[in-house]
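Chemist: sequence first, then the predicted structure, then my questions.
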Amino acid sequence: MSMDPATLRARLIAQASEPYRAAGRYAYHFARGKLSRDPMFIGLLRLGLFPGDAHILDLGCGQGLLAAWLLSARRLYDAGDWPEGWPTPPRVADIHGVDHSRSDVTRAQLAVEGPVRFEQGDMRLVDFGRANVVVMLDAVHYVDGASQDDVLRRVRAALAPNGLFLIRVGDADAGLGFQLSNWIDRAVAFCRGYGRGRLHCRSVPDWLRVLEALGFRVETAPMNGNLPFANVMLIARLGEADGSTSGSAQLRTADNTS
Ligand SMILES: C[S@@+](CC[C@H](N)C(=O)[O-])C[C@H]1O[C@@H](n2cnc3c(N)ncnc32)[C@H](O)[C@@H]1O
């Protein structure tokens with residue numbers, strides 16, 4: 001049965017959050033709150049960025065929300081509940097989540113069922129294995145510049161020839177929006193036990209330079225909905241362009257889908 005996008009979003013938020021009850025009240029309410037507030041999750045589906053068969057490495061996966069979201073999306077799609085004209089959500093063949101926080105990883109392990117593996121570890125050290133999609137959502141600024149360069153090189157090496165790398169970053173050139181995002185990110189980092197140390201942010205042109213030097217073709221997309229933040233999704237691809245997209249992705253539609 002086809003459904004409208006707003007109904008889809010509400011069903012996905014409910015279905016993807018529900019399993020977190022097994023991991024406690026905090027895990028459940030955090031999942032509901034984040035999936036409801038952050039337009040990135042619905043935006044990723046609206047844009048149809050993932051390949052049909054996705055082998056995903058999620059660096060800084062937190063409590064595994066992306067895995068829960070994508071698996072729920074595919075379940076709805078398989079049941080025939082999907083908006084007409086929307087891209088088919090990926091079939092997640094496997095997803096390997098890595099996070100430094102033991103408590104986040106435990107919550108992910110308790111809640112998310114399916115072809116998932118959540119590992120407590122440091123993205124600077126763990127073995128990335130192989131993947132055709134690597135995601136790093138709001139996590140790269142936790143490590144310093146030299147470590148970022150090294151992690152990106154290792155992501156490039158871990159990716160399949162036509163691989164996709166989705167990385168959401170704070171744009172250090174974005175003025176007040178960046179100050180606000182950065183302040184919130186630092187508060188989040190502090191609450192997660194990362195102390196008061198500074199976060200390591202770069203401007204979007206800097207990110208583009210680094211990624212392009214590694215052989216990625218990169219598009220950018222705002223993914224903040226109507227929130228005044230400076231987070232930008234960098235959509236980085238390996239392999240030849242297929243001519244379907246160019247330049248900065250026109251993602252306002254996705255951004256505003258609610
Ligand atoms: C803002 S949270 C984002 C979580 C998740 N990507 C999401 O979008 O819901 C950043 C995450 O990065 C993790 N992190 C920070 N430094 C890390 C490192 N060196 N290795 C692995 N994970 C790290 C934190 O523990 C935290 O869960």
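Modeler: Sure thing, it's come through.
Chemist: A helix includes I95, no?
Modeler: No. Counting by DSSP: H, G, I helix; E, B strand; the rest coil, I95 falls outside a helix, being strand.
Chemist: do you know how far it is from E219?
Modeler: 23 Å (CB to CB, to the nearest Å). Yep, even glycine has a C-beta here, placed from its N, CA and C like the rest.
Chemist: of those two, who's got more company?
Modeler: Set side by side, I95 and E219 show more neighbours around I95, with 27 against 18, by other CB atoms under 10 Å.
Chemist: for that one, give me its contacts.
Modeler: For I95, the contact set (CB atoms under 8 Å, 6 or more residues apart in numbering) comprises A54, H55, I56, L57, D58, L66, A67, L70, G114, P115, V116, R117.
Chemist: now with 7 Å?
Modeler: I56, D58, A67, P115, V116 (CB atoms under 7 Å, 6 or more residues apart in numbering).
Chemist: ok, and the closest non-adjacent residue to it?
Modeler: Among residues not flanking I95 along the chain, I56 sits closest, at 4.3 Å (CB to CB, 6 or more residues apart in numbering).
Chemist: how near is the one you found to the ligand?
Modeler: Here I56 is placed at a distance of 12 Å from the ligand (CB to the nearest ligand atom, to the nearest Å).
Chemist: quick one: secondary structure of that residue?
Modeler: I56 ends up strand, using three-state DSSP.
Chemist: surely it is in contact with V133?
Modeler: Yes. Using CB atoms under 7 Å, I56 and V133 qualify as a contacting pair, with a distance of 4.6 Å.
Chemist: between those two, point out the one with more neighbours.
Modeler: With other CB under 10 Å as the criterion, I56 and V133 differ in neighbour count, and I56 comes out ahead with 26 against 22.
Chemist: contact partners for that one?
Modeler: I56 is in contact with V92, I95, A131, V133, V135, counting by CB under 7 Å, 6+ apart.
Chemist: so the fourth one bridges to which residues?
Modeler: Spelled out, that is V133. Note on V133: beta-bridge partners by DSSP bridges are I56, L164.
Chemist: quick one: contacts for it?
Modeler: Residues in contact with V133 (CB under 7 Å, 6+ apart) are F50, P51, A54, H55, I56, G163, L164.
Chemist: who wins for most neighbours among those?
Modeler: Counting by other CB under 10 Å, top hit in those: I56 with 26 neighbours.
Chemist: now tell me what touches stretch 16-24 from outside.
Modeler: 27-28, 31-32, 35, 68-69, 72, 107, 110-113.
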